[in-house]
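# Provided below for reference: sequence and predicted model.
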Amino acid sequence: MPDAVPSPQANMGAPVPRIDARAKVTGAARYPADEPVPHLAYAVCVTSAIARGHVARLDTAAARAVPGVLDILSHENARHVKALKMFSQGGTGSTSIAPLSDTRIWHDGQIVALVVADSFEAAREAASLVEVGYAAETPSAGFDAPGTTTEAAASVSKKHKDPQVGQAEQAYAAAPVKVDARYATPTQHHNPMELFSTTCAWSGDELTIHEPSQFVYALKNGVAEQLGIDPAKVRVLSRYVGGAFGSKASVTPRTALVAEAARRLGRPVRLVLTRQQACGICTYRAETRHRVRLAAERDGRLRAYLHEGHEITSRPDAYFVGGNASSARMYAFGSVATRALVVHADRNTPGFMRSPPEVPYIYALETAMDELAVALAMDPVELRRRNDTQRDPITGKPYSSRSLMRCYDEAARAFGWSRRSPRPGSMQDGDWWVGWGCATATYPTHVAPATARVRLAADGRALVQLAAHDIGTGTYTVAAQTVAERLGLPLEAVQVEMGDSRLPAAPVSGGSNVTASTCAVLMQACDAVRARLFRAAVRPGGPLAGAQAETLELRGGRLLAPGGRGVALAEALGAAGAGTIEEYAEWLPPGKKAEDVQKLYKGGAGISGGTEGERLMFAFGAEFVEVRVHRRTREIRVPRIVGAFAAGRIVNPRTARSQLLGGMVWGIGSALHEATEVDPRHARYVNNDLAEYLIPVNADVPQVDVILVPETDAFVNPAGVKGLGELGNVGTAAALSNAVFHATGRRLRELPIRLDQLL
Ligand code: MOS
């Protein structure tokens, strides 16, 4: 019985080390592909070598002759799996492309066959021997290719509204100071450390899937739909996820194919995509292009913001991010005219990647803001201050809270911004030009319906069960902290089970909603446990008879009444008539109905927030970057970056800091390193592995400072949490690009910035 006063380190708001840290660093944590499954067979994909056309001929004779080969699935023999409605349109799928359903090729790297063998080596060997003949057509690889088609995002999605207010064209024409500039961002792939794996095992008509997932309920229901079976017969397990960033949120075409292979063989099958294959089978951040126009009075007050964004997508699917929905809220623009457009090319369907809408659109806006500050000869922080707003410039709705300028003030102070000499090229250190730049970070606050079970046992231990996921963000830890605080237990007394579709449904680990939604439902479940315990204790004959239930407290494994009366948890639970109290809770955000819980159980994401409610809900930050550009080689270095962020209640400053730090490092990568190169002739990803896909390493990021700006917001959700997994990498690229301008006087408007652009 823990009788000691609980460690204060356990509570919400404490910098608790991850409770899963030891398991991860010792290798005890089992990722889905580590799961030992007896009698396993191994699958390897054969993928398309063309981006557009048809499979004309398939010769599997040589492949079948490889010893150990068990089966080869192709369009000729595989039962067709159903295409899913896209996740971004309320379904669960990453794409409507259903490989092996016919001969059509929509993109390079599409699955055209699945080879299954006794060993991985035999499967790989046989896959290399499958001969595919193609009827090839010329593909359109991207924006500059002939043959693409363009449509307005608002016309393909009822949910997307292009923000507009006032007469922006006229206001722009009439204003004295203007910026009119075009920006571009590249294709990026998530490249998570953990590869994309799927293991499927049937037991009779029941299917178990081990797959890293950001949403086990979507995977369970999506695959059941594809296979035409009862979702109750499908279980998905994903207890640890080694990096996802959006890439493991929706159902990719591989899973149902592996399930089908396992069903045909009557034997479990495991597939681990190669890094190269994942680039075409999973999703990516598509390239974007922007035209931004900003107009202001000479005193810096904004008059107009016009923004047109183009985004690449696949032929059949109109996936888009539409970040103008966020960017149009950032300042008191006066008038706004924005539009997002989708451009269909012969590519796989893009998908969510960390801060999907904000990364490209805020990059464009925040670079244009810096250009406007230069045109006004005004300090860029001052320009933001002059146009700060506590209301939505589109609808007039208030922000629930907005601490943007406090973030700027704190980050500017820590950075030493007041020592900046404004003229570009005026700060130097030996052979290096020194540049300082800044930009705004923002991310909408999301919540989703969530359910959970909390069981409090007489031994003073709590078991927490919910089908949430820890994608490396610290969800296990914040869930344990929340329950430890609410039930007055030490952290060690709380066991958390997640990542299993047999547990109560929890939302997608996406949109940075999980801490808010999970804490809200766990607080509710714990409160139900407490209420039952308290009522039982104060009953006549109960151990605290005569006390008022609402005055009781749970602390250190004891139930305490005012005046020093107290009783051990076991005795209190005994009085409640059981050795344990178990409560199941369903938490619904405002405006959601009971049927939304049913939707959650069916794999519906149900995320809401941001601009949708009575108030705008956004987290904010300000990022300051120092760059050094070598005057002879034009080498670009980033000696330091400072970010200050206000995101409501911080449940765990340690994991929060890690998220923001990682986000800013990612932002540096976006600015200087990351780009998937697309071969314009073949619409093929060229640098499709970690040897050639550049990301920052330790030597690229010497000093990162994260400042957590205190902020209280009682409106956003019961936990007061805004979420910050996706906040840190918004704005970094603009801040860095603005710093490069300040160092060199050269304005670069295409990411990533590379030294050849400065020669
Ligand atoms: Mo995140 S890109 O919303 O999974």
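Received it, and whenever you're ready, just let me know what you need. Here the structure is a predicted model, which is why all the values come from computation and not from measurement. Numbers count the residues shown, from 1 in each chain.

# Name the residues of stretch 420-439 that are buried.
Neighbour-count burial for stretch 420-439, with 16 or more other C-beta atoms under 10 Å as criterion, is recorded at R420, P424, G425, M427, W432, W433, V434, G435, W436, G437, C438, A439. (C-beta placed from N, C-alpha, C; glycine too.)

# Name the residues that touch it?
Contacts of stretch 420-439 with the rest of the structure, by C-beta atoms under 8 Å, 6 or more residues apart in numbering, involve 362, 366-367, 369-370, 377, 379-381, 408, 411-412, 415, 417, 622-632, 637, 731-732, 734-745.

# I'd like the next helix or strand past the lowest-mean-pLDDT helix or strand in the chain.
Every helix and strand of the chain was ranked by mean pLDDT, DSSP states H and E. The lowest is helix 569-575, at a mean of 88. Sequence order places strand 580-587 as the next helix or strand after helix 569-575, per DSSP states H and E.

# In terms of secondary structure, what does that next one contact?
Strand 580-587 sits against strand 450-457, helix 514-538, with contacts defined as 3 or more C-beta pairs under 8 Å, 6 or more residues apart in numbering; DSSP states H and E.

# Surely A448 touches V597?
No. The pair A448 / V597 is not scored as a contact, 10.5 Å apart, by C-beta atoms under 8 Å.

# higher neighbour count, the two?
A448 (28 against 20; other C-beta atoms under 10 Å).

# and the more buried one, what is it in contact with?
P507, V508, G511, N513, S517, P589, L600, A605, G606, I607, S608.

# please redo it, this time with the cut-off set to 10 Å
A448 makes contact with 506-508, 510-511, 513-514, 516-518, 520-521, 587-589, 592, 596, 600, 604-609, according to C-beta atoms under 10 Å, 6 or more residues apart in numbering.

# How confident is the prediction for the nearest residue to it once chain neighbours are set aside, by pLDDT?
Leaving out its chain neighbours, the residue that sits closest to A448 by C-beta to C-beta, 6 or more residues apart in numbering is P507, at 3.5 Å. What the model reports for P507 is a pLDDT of 97.

# So what's the residue count around the residue of the stretch 101-250 of the chain found nearest the ligand?
Nearest residue of the stretch 101-250 of the chain to the ligand: G246, at 2.7 Å (C-beta to the nearest ligand atom). Applying other C-beta under 10 Å, we find 25 residues neighbouring G246.

# same deal with D705?
Using other C-beta under 10 Å, D705 has 16 neighbouring residues.

# quick one: buried residues of the helix or strand harbouring it?
Following DSSP H and E, one finds D705 within strand 703-708. Across strand 703-708, burial judged by 16+ other C-beta under 10 Å covers V704, D705, V706, I707, L708.

# quick one on the thing from earlier: Three-state assignment for the residue nearest to A448, please.
What DSSP: H, G, I helix; E, B strand; the rest coil gives for P507 is coil.

# quick one: it from P449, how far?
Distance, P507 to P449, by C-beta to C-beta, to the nearest Å: 7 Å.

# where do the contact lists of the two overlap?
Here P507 and P449 have S517, V521, L600, G604, A605, G606, I607 as joint contacts, going by C-beta under 10 Å, 6+ apart.

# And the second one, what's its pLDDT?
Looking at V521, its pLDDT reads 98.

# Find the residue closest to the closest residue to the ligand within the stretch 1-150 of the chain in space, skipping its chain neighbours.
Going by C-beta to the nearest ligand atom, the ligand is nearest to F87 of the stretch 1-150 of the chain, at 9.9 Å. Nearest residue to F87 in three dimensions, chain neighbours excluded: S250, at 3.7 Å (C-beta to C-beta, 6+ apart).

# measure the one you found to N221 for me?
Relative to N221, S250 is positioned 12 Å away (criterion: C-beta to C-beta).

# which of those two has more neighbours?
For S250 versus N221, the count of surrounding residues by other C-beta under 10 Å is larger for S250: 30 against 23.

# Contact partners for the more buried one?
So S250 contacts 84, 86-88, 91-95, 213-215, 218-219, 222, 282-283, 319, 349, 351-352, 508, 510, 605 (C-beta under 10 Å, 6+ apart).
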